[in-house]
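A.B. asks: A structural model of the following input is requested.
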Amino acid sequence: MNFVDRVVIENNNLEMHKLANPYYVINVDNTPNKAEQITEYVQAYVKIGSHKIIQYLFVTNVEIR
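C.D. replies: Numbering: from 1, shown residues only. The predicted structure follows:
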């Protein structure tokens, strides 16, 4: 799973899509995430050299401590 911070989405005017079923979020240090659950995702088009893929990124609150 890959994640992106909601601030990045808002600052870049990216289109979010609703998930059919939300995911509850726990941080890697086993604390609850402030977002509590993931309800949206974005599609990111990734190109490395000639290789292109669509990557789905779950929108949440990514904090750096």
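
A.B. asks: Give the pairing partners of the longest strand belonging to the chain; include direction for each.
C.D. replies: Scanning the chain for the strand with the most residues, using DSSP state E, yields strand 32-48. Each strand paired with strand 32-48, and its direction, by DSSP bridges: strand 17-26 (antiparallel), strand 51-60 (antiparallel).

A.B. asks: in the chain, what residue sits furthest out from the centroid?
C.D. replies: For the chain, the C-alpha lying farthest from the average C-alpha position belongs to Ser50; by Cα atoms, centre = their mean, that distance is 24.7 Å.

A.B. asks: hang on, the earlier thing: would you turn the strands paired with strand 32-48 into JSON lines with distance to Glu40 and mean pLDDT?
C.D. replies: The way it works is simple: take the backbone N, C-alpha and C, and place the C-beta from them, glycine included. Converted to JSON lines, the strands paired with strand 32-48 look like this (distance: least, Cβ to Cβ, whole Å; pLDDT from 0 to 100):
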{"stretch": "strand 17-26", "distance to Glu40": "6", "mean pLDDT": "91"}
{"stretch": "strand 51-60", "distance to Glu40": "4", "mean pLDDT": "93"}
